[in-house]
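# Next one to model:
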Amino acid sequence: MSRLRRSAGALLLSVVVCASASTGPAFAGTDAPPAAGAPLAHEPAAEVPAVAEPVVAEPVVDAPVAGEPGADKPGADKPGADKPGARSAPVAVEPVADPVAATVDLTISVTFDKPEFFVDEQVVARARVTNRGTTTATGTWLLTSGNVVDREWTGFPDRVEPGQTVEGVLTSWVRTADAVLTLEVEVHGAQPDANPADNTTTASVPMKVHRGGYTGVVYGDRDGDKAMDPGEALAGLTITATGGVPRDSYTATTDPAGRFTFRDLPRGSYTTSIDSVQWVFQPPGVDVGGADEPDVVLRGAWRVTSVLTAAASFDRQTYRLGETARLSLVLTNGGPDPIPGITAQCYSTGAALPDLGDLVDVGVTVPAHATWTTSTSIGIDAEAAEGGALVVGCTFGSPPNSNGTVSARAIARVPGARADRVVGQVGFSGRLPAMSPRPGPPLPNVKVYLKDQVTGAVIVRATTDAQGRFEFRDVPAGVHDFGLVGPYASLSGERFQEVHVRAGPFQDLNFLYVTHGPDQPDPDPAPRPGDPSAPAPPAGPGHRPTLAATGANVAWLAPGRAARAGRGHRLGGARGAQARLTK
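Predicted coordinates:
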């Protein structure tokens with residue numbers, strides 16, 4: 001190594017050593033003792049290993065050594081005191097403040113879309129909620145009180161972020177026609193609110209009522225000409241108008257001329273009703289609040305149920321296929337005035353309906369305290385023959401079903417057709433079944449029977465099994481009364497339940513429900529031994545009971561029915577039973 005290089009290395013080493021020695025007491029306090037085990041400020045600093053590569057040293061200003069002049073003067077700390085190798089005393093640490101707790105602070109305001117509303121239009125209000133807190137509000141919702149029908153705010157979210165403003169819209173009708181609508185709205189959330197006082201607000205808006213009215217006249221159409229004639233005005237009747245927004249009812253009374261007036265009604269649509277025992281009305285709807293006040297005419301028709309009676313009958317009890325039956329209809333007016341415009345609606349168990357003449361469209365007039373009679377023909381066709389009976393029922397009114405109705409029904413036998421098997425089940429119940437059959441407990445060991453509705457004769461009998469099931473064999477087609485022996489009645493309180501048996505191999509009457517009732521006697525004595533209607537004794541060990549498949553344990557056949565066993569019958573589809581309760 002050359003002398004020049006040795007000189008440069010020695011110079012560099014001297015600079016490093018001096019710099020290390022001068023930085024020792026830079027952070028030492030003048031009044032604090034040195035830390036235990038630390039070298040004193042005037043002690044020589046430890047040697048620093050030589051650096052393999054040259055290092056450019058920053059200028060260093062020596063710090064005074066303790067005990068030397070100026071060491072305890074202000075400004076003794078010099079730049080470079082934080083260099084590696086320096087000795088420092090403990091530094092005091094300032095206390096750190098606790099973090100601010102996260103809070104929810106919701107505020108609410110409510111405004112209306114218009115400065116005023118009509119009571120018959122929808123009110124629109126907007127609620128704005130702002131979260132002034134530092135954390136998210138969750139589970140937010142609005143509670144509303146006031147004179148409105150709907151109280152749900154659409155579009156209002158269930159969370160509000162810090163600093164966020166959200167909105168909900170309320171659209172509703174008012175309940176009553178108050179002059180001012182006031183809403184009180186509260187905002188709620190899952191977290192406690194830092195300032196609950198601003199969680200509630202109140203907003204009001206004026207409400208206006210657009211009013212109008214209508215008038216009318218009421219008359220009773222005594223002669224049925226559908227025009228108001230002298231003497232037909234109805235005075236002293238109470239007229240009720242119902243409608244408007246908000247919906248309400250208002251009353252008026254007809255004057256001697258039959259006129260009435262409604263004033264100061266809230267705008268909207270109204271229906272009119274008239275309180276009358278004698279007359280029936282079909283008033284039109286009325287719209288109130290337009291430029292003109294409507295004037296309506298209310299025509300009254302006789303309420304037929306209070307004065308009219310009806311009857312129907314055939315000229316014979318029994319017909320055969322291909323014959324013609326004669327049907328008579330009789331209407332009797334027991335009132336003091338004629339009843340005009342009476343029409344009829346009829347049904348028939350045959351394929352054809354009777355010719356009703358003027359009763360169909362034109363209508364007939366029955367004079368006061370008088371009887372009106374008509375007769376018509378109806379053929380006995382295959383449909384009536386398969387059903388074993390011809391039944392015609394009619395409903396009369398002016399027109400039917402609008403001013404009360406009266407009904408009449410006629411029945412005649414069409415014997416010949418038979419049903420091979422008719423089954424059913426009897427259940428005990430305290431109420432009518434719902435949409436699907438839900439019987440109560442079955443009614444076992446009870447004698448049941450069918451009785452011809454025209455002749456009154458019992459045609460078949462059976463006894464229910466443990467599940468309340470029964471079976472009739474070789475049953476004449478027709479309209480029959482189903483009865484049972486014991487303290488029972490139909491659910492309507494009637495003694496019998498009507499069933500319609502049609503020709504065919506099988507018919508299921510389904511469930512027949514009964515309840516407690518007066519004791520029903522046996523319609524006929526038990527068959528005597530040797531009587532053709534008595535049950536036959538078992539034929540031996542290999543005998544199979546006729547009714548084993550159905551579970552019915554006893555069956556009686558009316559005299560002469562056993563002789564038909566084994567004969568061929570015309571087969572047809574099973575038909576559902578038609579039921580009607582009769583006295």
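
# what about the chain, any weak spots by pLDDT?
1-100, 399-402, 430-439, 525-583 (pLDDT under 70).

# Which parts of it belong to which domain?
As given by automatic domain parsing, the domain ranges for the chain are 1-91, 106-208, 215-302, 305-413, 418-582.

# Now mean neighbour count too, for those, in a markdown table please.
Every C-beta, even on glycine, is put in place using the N, C-alpha and C of the backbone. Formatted as a markdown table, the domains of the chain follow (neighbours: other C-beta atoms under 10 Å):
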| stretch | mean neighbour count |
| --- | --- |
| domain 1-91 | 13 |
| domain 106-208 | 16 |
| domain 215-302 | 16 |
| domain 305-413 | 18 |
| domain 418-582 | 16 |
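
# Double-check T305 against S407; I have them as touching.
No - judged on C-beta atoms under 8 Å, T305 makes no contact with S407 at a distance of 10.4 Å.

# Give me the distance between A410 and L265.
51 Å (C-beta to C-beta, to the nearest Å).

# And for V364?
For V364, the distance to L265 - C-beta to C-beta - is 41 Å.

# Check V392 too.
49 Å.

# quick one: the helices in the stretch 351-500 of the chain?
Assigned by DSSP state H, counting those that start in this stretch, the helices in the stretch 351-500 of the chain fall at 382-387.

# which residues of the stretch 401-550 of the chain fall in strands?
For the stretch 401-550 of the chain, the strands defined by DSSP state E, counting those that start in this stretch cover 406-413, 418-428, 447-452, 458-463, 469-476, 478-484, 486-490, 496-501, 504-520.

# mind listing the strands in the stretch 101-250 of the chain by residue range?
Under DSSP E, counting those that start in this stretch, the stretch 101-250 of the chain gives strands at 106-112, 117-118, 123-131, 137-138, 141-145, 159-160, 165-172, 180-188, 200-208, 211-220, 238-243, 248-253.

# Nearest to I339, out of those strands?
Minimum separation from I339 across these (C-beta to C-beta) falls at strand 211-220, 11.5 Å.

# CA atoms of stretch 142-156 as PDB?
The C-alpha trace of stretch 142-156 is given here as PDB (Å, rounded to 0.1, in the frame of the first residue of the first chain):
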ATOM      1  CA  LEU A 142     -91.200   4.900  10.300                       C
ATOM      2  CA  LEU A 143     -94.200   5.000  12.600                       C
ATOM      3  CA  THR A 144     -97.100   7.200  11.500                       C
ATOM      4  CA  SER A 145    -100.200   8.500  13.100                       C
ATOM      5  CA  GLY A 146    -102.900  10.700  11.600                       C
ATOM      6  CA  ASN A 147    -106.100  10.800   9.600                       C
ATOM      7  CA  VAL A 148    -104.900   8.500   6.700                       C
ATOM      8  CA  VAL A 149    -105.900   5.100   5.500                       C
ATOM      9  CA  ASP A 150    -102.500   3.700   4.500                       C
ATOM     10  CA  ARG A 151     -99.400   4.300   6.700                       C
ATOM     11  CA  GLU A 152     -96.700   2.500   4.800                       C
ATOM     12  CA  TRP A 153     -93.800   4.600   3.400                       C
ATOM     13  CA  THR A 154     -92.500   3.100   0.100                       C
ATOM     14  CA  GLY A 155     -88.800   3.300  -0.700                       C
ATOM     15  CA  PHE A 156     -87.700   3.800   2.900                       C
END
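
# What is the distance between that stretch and the centre of its chain?
22 Å (C-alpha atoms, centre = their mean, to the nearest Å).

# swap in stretch 234-253?
The answer for stretch 234-253 is 30 Å, by C-alpha atoms, centre = their mean.

# would you list every one of the strands in the stretch 251-400 of the chain?
259-266, 268-274, 279-281, 286-288, 295-302, 308-314, 324-333, 339-348, 364-366, 370-379, 389-397.

# Partner strands of the second one, with direction?
Based on DSSP bridges, the strands next to strand 268-274 in the sheet, each with its direction, are strand 238-243 (antiparallel), strand 286-288 (antiparallel).

# and if you look at the third one?
In its sheet, strand 279-281 lies beside strand 295-302 (antiparallel), with partners assigned from DSSP bridges.

# Name the residues that touch the strand it pairs with?
Strand 295-302 has contacts (C-beta atoms under 8 Å, 6 or more residues apart in numbering) with 214-221, 224, 226, 228, 234, 272, 274, 276, 278-284, 286, 308, 335, 337, 339-341, 398, 402-403.

# So what touches stretch 235-244?
By C-beta under 8 Å, 6+ apart, stretch 235-244 touches 120, 214, 216, 218, 248-258, 260, 262, 265-276, 286, 288.

# do that again at 7 Å, thanks
218, 249-256, 258, 260, 262, 265-276, 288 (C-beta atoms under 7 Å, 6 or more residues apart in numbering).

# Endpoint to endpoint, it covers what distance?
With C-alpha to C-alpha, to the nearest Å as the measure, stretch 235-244 spans 26 Å from end to end.

# closest one to V166 among the strands of the stretch 401-550 of the chain?
Nearest of these (C-beta to C-beta): strand 504-520, 59.2 Å.

# Quick one: list the elements packing against the closest one.
When contacts are defined as 3 or more C-beta pairs under 7 Å, 6 or more residues apart in numbering; DSSP states H and E, strand 504-520 packs onto strand 418-428, strand 478-484, strand 486-490, strand 496-501.

# just the CA coordinates of the shortest one, formatted as PDB?
Read that as strand 486-490. Only the C-alpha atoms of strand 486-490 are listed here, as PDB (Å, rounded to 0.1, in the frame of the first residue of the first chain):
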ATOM      1  CA  GLY A 486    -134.100 -43.200  15.800                       C
ATOM      2  CA  PRO A 487    -133.600 -39.800  17.400                       C
ATOM      3  CA  TYR A 488    -132.100 -38.100  14.300                       C
ATOM      4  CA  ALA A 489    -132.800 -35.400  11.800                       C
ATOM      5  CA  SER A 490    -131.000 -33.700   8.900                       C
END
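
# Summarise which helices and strands it is packed against.
Secondary elements touching strand 486-490 (3+ C-beta pairs under 7 Å, 6+ apart): strand 504-520.

# Return the set of residues that bridge with G478.
Here G478, judged by DSSP bridges, has bridge partners V501.

# typo on my end, it should be S377
R326.

# Just confirm it contacts Y319, I think it does.
No - counting by C-beta atoms under 7 Å, S377 stays clear of Y319, with 11.7 Å between them.

# quick revisit: dump the strands of the stretch 401-550 of the chain into a markdown table; add distance to V149 as well.
Listed next are the strands of the stretch 401-550 of the chain as a markdown table, based on distance: least, C-beta to C-beta, whole Å:
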| stretch | distance to V149 |
| --- | --- |
| strand 406-413 | 44 |
| strand 418-428 | 46 |
| strand 447-452 | 56 |
| strand 458-463 | 60 |
| strand 469-476 | 55 |
| strand 478-484 | 52 |
| strand 486-490 | 46 |
| strand 496-501 | 48 |
| strand 504-520 | 43 |
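
# of all the ones you listed, which lies closest to E186?
strand 504-520 (54.6 Å).

# Can I get the closest one in PDB, CA atoms only?
Extracted in PDB, the C-alpha atoms of strand 504-520 (Å, rounded to 0.1, in the frame of the first residue of the first chain):
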ATOM      1  CA  GLY A 504    -127.800 -47.500 -13.900                       C
ATOM      2  CA  PRO A 505    -125.600 -50.200 -12.400                       C
ATOM      3  CA  PHE A 506    -124.300 -48.100  -9.500                       C
ATOM      4  CA  GLN A 507    -124.900 -44.800  -7.700                       C
ATOM      5  CA  ASP A 508    -123.100 -43.400  -4.700                       C
ATOM      6  CA  LEU A 509    -125.100 -41.000  -2.500                       C
ATOM      7  CA  ASN A 510    -121.800 -40.100  -0.700                       C
ATOM      8  CA  PHE A 511    -122.100 -38.800   2.800                       C
ATOM      9  CA  LEU A 512    -125.400 -38.100   4.400                       C
ATOM     10  CA  TYR A 513    -125.100 -36.100   7.600                       C
ATOM     11  CA  VAL A 514    -127.500 -36.200  10.500                       C
ATOM     12  CA  THR A 515    -127.700 -34.700  14.000                       C
ATOM     13  CA  HIS A 516    -129.800 -35.000  17.100                       C
ATOM     14  CA  GLY A 517    -133.600 -34.700  16.500                       C
ATOM     15  CA  PRO A 518    -136.900 -36.100  17.500                       C
ATOM     16  CA  ASP A 519    -137.300 -39.800  17.500                       C
ATOM     17  CA  GLN A 520    -138.200 -41.100  14.000                       C
END
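
# No more questions from me, cheers.
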